[in-house]
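Peer 1: Fold the following.
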Amino acid sequence: MAVAFPFSAIVGQEEMKLAMLVTTIDPSIGGVLVFGDRGTGKSTAVRALAAILPKMKAVVGCPYACDPESRQTHCEFCDQRKASAARVRVHQLPVPVVDLPLGVTEDRVVGALNLERALADGVKDFEPGLLARANRGFLYIDEVNLLEDHIVDLLIDVAASGENVVEREGLSVQHPARFVLVGSGNPEEGELRPQLLDRFGLSVDVRTPDSLGDRIEVVKRRDAFERDPQAFVELWKKEDSKIRRKISQGREHLGSVKVSDEILRRASSLCMKLGTDGLRGELTLMRAARALAALESAKMVSSGHLSRVAPMALRHRLRRNPLDDTASGVRVQRAVDELFNA
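Peer 2: Got it, this is the predicted structure:
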């Protein structure tokens, strides 16, 4: 198994790292879209974060790694075990990170009939796809803006329902497919379809470091990692352990974090001022602020939490203004400053 670069050793890119941490506290936020230059640590950050997450409990033998403590999201295999009163054995698994490559077929994504078993034994057996492997983990799409339209439509449906339904070739299968969707890409190579763009809870922009010191430090750390991965991981083990503890504590603390009416009023006022469509922006803004508060062990969401997550929660939801070519993140920050400092 390949060794992942330590999450705590990533230089800079603070907004990207914060967005990913927040979504691990509350996956219902809806995933992260990372747009920016190549070679800025986008895929490295996803794999690094997954590597430090606490291992997840799963039902032994379940092809979808169902959570034994969440019966409402169980698959058919787990329901049958429950109905037969069979003892459910549990083991721990690392959080999966599944790559969805460009040009992938629909059968590879959703799953299909196992042709080998069908021809050899005459049995209609379902072979799970990438969505099954990604359940309870991360589904990572590099160059997401170049993804084919029919795969985009499929992902939109599954992301909305949390379930994958396959009905073809005499098969009728339904299984849980709840994952944190992480997409990355270069905006110069094409825009993302609005329907999929809206499904990402958070959006961040990453840039090549413009500080000489940061650039040198990136090169030094990457070179040290490639020369001796195990020694480099050991060097950052303590810092990664601190982040793992914060994530565990944040998840436990999330349900007790309070969101006052004043914070909700500010969130709605901000969305109204920016002219965002629908209420998904407000919901995402509130959830992200609450998750950030939980990550920092705060009892209540503050205006500070709200203002820190506002750009990443709203920048991709703004309408284009032909009279204002200011970057969307700057427009959000400007509105935050005007409303919260008034």
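
Peer 1: From here on, just use CA atoms for contacts and neighbour counts.
Peer 2: Will do.

Peer 1: Could you pull up phi and psi at Pro209?
Peer 2: Per-residue torsions, Pro209: phi -50, psi 130 (degrees, to the nearest 10).

Peer 1: tell me, how many neighbours does it end up with?
Peer 2: 15 (other C-alpha atoms under 10 Å).

Peer 1: Validate this expectation: Ser297 resides in a strand.
Peer 2: No - counting by DSSP: H, G, I helix; E, B strand; the rest coil, Ser297 is not part of a strand but coil.

Peer 1: So the nearest residue to it once chain neighbours are set aside versus Ala298, what's the distance?
Peer 2: Spatial nearest neighbour of Ser297, chain neighbours left out: Gly250 (6.6 Å); criterion: C-alpha to C-alpha, 6 or more residues apart in numbering. Per C-alpha to C-alpha, to the nearest Å, Gly250 is found 9 Å from Ala298.

Peer 1: thinking again about what came up before, tell me who's in contact with the residue nearest to Ser297.
Peer 2: By C-alpha atoms under 8 Å, 6 or more residues apart in numbering, the residues touching Gly250 are Ile25, Ala291, Ala294, Leu295, Glu296, Ser297.

Peer 1: Of those residues, keep whichever come out buried.
Peer 2: Among the contacts of Gly250, those classed as buried by 16 or more other C-alpha atoms under 10 Å are Ile25, Ala291, Ala294, Leu295, Ser297.

Peer 1: Which of the helices or strands spans the third one?
Peer 2: Using DSSP states H and E, Ala294 falls within helix 280-295.

Peer 1: which residues are contacting that helix?
Peer 2: By C-alpha under 8 Å, 6+ apart, helix 280-295 touches 22-23, 25-26, 28-30, 201-202, 246-247, 249-251, 253-254, 257-259, 264, 267-268, 271, 299-302, 305-306, 308-310, 313-314, 317.

Peer 1: Go again with 7 Å.
Peer 2: For helix 280-295, contacts defined as C-alpha atoms under 7 Å, 6 or more residues apart in numbering pick out 22, 25-26, 29, 201, 246-247, 250, 253-254, 257, 267-268, 271, 300-301, 305-306, 309-310, 313-314.

Peer 1: Which ones among those residues map onto helices?
Peer 2: The helices, defined by DSSP state H, take in 22, 25, 246-247, 250, 253, 267-268, 271, 305-306, 309-310, 313-314 from those.

Peer 1: So, low pLDDT: which residues of this protein?
Peer 2: Residues of the chain that meet the criterion pLDDT under 70 lie in 1, 71-74, 81-86, 114-124, 169-170, 190, 320-327, 342.

Peer 1: Domain boundaries for it, per the record?
Peer 2: Domains of the chain are assigned by automatic domain parsing as 29-55+94-206, 255-340.

Peer 1: what sits against Ser268?
Peer 2: Taking C-alpha under 7 Å, 6+ apart, one finds Glu282 in contact with Ser268.

Peer 1: Quick check: it vs Ala4, distance?
Peer 2: 40 Å.

Peer 1: With Asp149 instead?
Peer 2: Asp149 is 32 Å from Ala4, by C-alpha to C-alpha.

Peer 1: Could you say which helix or strand holds Glu239?
Peer 2: Short version, using DSSP H and E: Glu239 is in helix 237-253.

Peer 1: From the chain's centroid, how far away is that helix?
Peer 2: 17 Å (C-alpha atoms, centre = their mean, to the nearest Å).

Peer 1: now stretch 21-29
Peer 2: Here stretch 21-29 is found 7 Å from its chain centre; the criterion is C-alpha atoms, centre = their mean.

Peer 1: could you dump it to CSV, C-alpha only?
Peer 2: The C-alpha trace of stretch 21-29 is given here as CSV (Å, rounded to 0.1, in the frame of the first residue of the first chain):
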residue,chain,number,x,y,z
LEU,A,21,-11.5,19.2,7.4
VAL,A,22,-14.9,20.8,7.7
THR,A,23,-16.5,18.3,5.4
THR,A,24,-15.0,15.4,7.4
ILE,A,25,-16.8,16.8,10.5
ASP,A,26,-20.1,17.0,8.6
PRO,A,27,-20.3,15.1,5.3
SER,A,28,-23.8,16.5,4.7
ILE,A,29,-22.1,19.8,3.7
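
Peer 1: For the contacts of Gly250, name the two members farthest from one another.
Peer 2: Largest separation among these by C-alpha to C-alpha: Ile25 and Ser297, giving 11.8 Å.

Peer 1: how about the one helix or strand Arg331 maps to: buried residues?
Peer 2: Using DSSP H and E, Arg331 falls within helix 328-340. Neighbour-count burial for helix 328-340, with 16+ other C-alpha under 10 Å as criterion, is recorded at Ser328, Gly329, Arg331, Val332, Gln333, Ala335, Val336.

Peer 1: Can you show me the strands along the chain?
Peer 2: Ranges of strands in the chain, per DSSP state E, are 32-36, 56-59, 90-93, 97-99, 111-113, 126-128, 138-142, 163-168, 171-176, 180-185, 202-206.

Peer 1: Including mean neighbour count and distance to Thr105, could those strands go into TSV?
Peer 2: Compiled in TSV, the strands of the chain are given as follows (neighbours: other C-alpha atoms under 10 Å; distance: least, C-alpha to C-alpha, whole Å):
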stretch	mean neighbour count	distance to Thr105
strand 32-36	23	22
strand 56-59	19	28
strand 90-93	14	27
strand 97-99	19	13
strand 111-113	20	10
strand 126-128	18	13
strand 138-142	23	14
strand 163-168	16	14
strand 171-176	16	18
strand 180-185	24	18
strand 202-206	24	27
